[in-house]
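Participant: model this:
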Amino acid sequence: MLTKALQTLGLLFWTGFLVYFTAYLFSLGYRVQNLAQWALIALMFLAWVAVWVGHGRWLGLLVGLQLGLVVLLYLLSLRL
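Facilitator: Sure, this is the predicted structure:
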């Protein structure tokens, strides 16, 4: 139970960092940023479900997708 709570806190901090990072460091349009931030939050919710159900592989995959989305946003911000 304590492990799940700590993993949940870690997910909250990780997602908060990524949302902050994308909001202040990337020069994207508001629609793109809002959509990306909602996608990060949705992936966090799915990862939270994976934590409480006990699927560690899904947790790793979803956190990796969050990181991949941020890298994609970075690449998009270089082109714009």
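
Participant: by contact count, what packs against the least confident helix or strand in the chain by mean pLDDT?
Facilitator: Using mean pLDDT, DSSP states H and E, helix 2-25 stands out as the lowest-scoring helix or strand of the chain, at a mean of 84. Counting contacts by 3 or more C-beta pairs under 8 Å, 6 or more residues apart in numbering; DSSP states H and E, helix 2-25 is packed against helix 30-53, helix 56-79. Using the backbone N, CA and C atoms, a C-beta is placed for each residue, glycine as well.

Participant: And the pLDDT for Leu80?
Facilitator: On the pLDDT scale, Leu80 is placed at 62.

Participant: Kindly apply the preceding question to Gln66 instead.
Facilitator: The score at Gln66 is 91. That number is its pLDDT.

Participant: Could you list which residues are in contact with Lys62?
Facilitator: I think there's a mix-up here, since residue 62 is Leu and not Lys. Leu43, Met44, Leu46, Ala47, Ala50 (C-beta atoms under 8 Å, 6 or more residues apart in numbering).

Participant: Tell me, how many residues neighbour the first one?
Facilitator: Right, the one you point to is Leu43. 22 (other C-beta atoms under 10 Å).

Participant: hang on, isn't it packed against Gln66?
Facilitator: Yes. If you go by C-beta atoms under 8 Å, Leu43 and Gln66 touch, sitting 5.0 Å apart.

Participant: got any residues that touch both of the two?
Facilitator: Thr15.

Participant: circling back to that earlier point, most neighbours out of the contacts of Leu62, which is it?
Facilitator: Neighbour counts for the contacts of Leu62 were taken using other C-beta under 10 Å; the highest belongs to Ala47, with 24 neighbours.

Participant: Pretty sure that one sits against Leu59.
Facilitator: Yes. With contact defined as C-beta under 8 Å, Ala47 counts as touching Leu59 (5.3 Å).
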